[in-house]
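Asks: Coordinates for the following, if possible.
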Amino acid sequence: MAHTPINHPLRPLYRALAAIAGIYLIIFGVVGFIVGGDGHRVLGQGANLLWCIVSLLVGVVVLGVTVMGRNLDAKVNQYVGWALVVIAVYELATNRTDANFLDFTVSTVIVTIIVGLTLIMAALYSKVGSEEDAHAEQLAAHGGA
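Replies: Have a look, this model is predicted:
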């Protein structure tokens, strides 16, 4: 069983980091949508209109579930974070080919991986539960019965 802390003392910090990541994606999406994307640099990154719209939608979802909480944020941030990392690695592998359909640059890949890893980290430490659940998790993590 994986060690996922319940009621971590720094949970508010990790939720704030997830919210900042969501706000960044929203700002990137809005600015890119206004600029028009396609071939322009938005916040130092290459972007096209499709990636700006995807970033805007993902940012709204991340910010929404982070505000809601209730362990929904832990699950959604985990899946969205891994999806962003997979997209970034794909775009890095196809950077100078016609398969780079999101028009990523290396800086876009780096930022997308950082945002994805931030969401994964936030998901790992933002789980909440009862005191009994937290105590049982602590015993399991530290070799107790």
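Asks: ok, which stretches of this structure are helices?
Replies: Counting by DSSP state H, the chain has helices at residues 11-35, 49-68, 72-93, 106-125, 131-141.
Asks: If you average pLDDT over each of the ones you listed, which is lowest?
Replies: Ranked by mean pLDDT, these end with helix 131-141 at the bottom, a mean of 73.
Asks: buried ones in that helix?
Replies: Neighbour-count burial for helix 131-141 flags Ala134, Glu137 (criterion: 16 or more other C-beta atoms under 10 Å). C-betas here are computed from N, CA, C, even on glycine.
Asks: what's the answer for stretch 40-51, then?
Replies: His40, Val42, Gln45, Gly46, Ala47, Asn48, Leu49, Trp51.
Asks: wait, the second one sits on Phe28?
Replies: Yes: applying C-beta atoms under 8 Å, one finds Val42 in contact with Phe28, separated by 6.1 Å.
Asks: can you pull the contacts of the closest residue to Val85 other than its chain neighbours?
Replies: Leaving aside its chain neighbours, Val85 sits nearest to Gly116 (4.0 Å; criterion: C-beta to C-beta, 6 or more residues apart in numbering). The contact partners of Gly116, taken as C-beta atoms under 8 Å, 6 or more residues apart in numbering, are Val80, Gly81, Trp82, Ala83, Leu84, Val85, Ala88.
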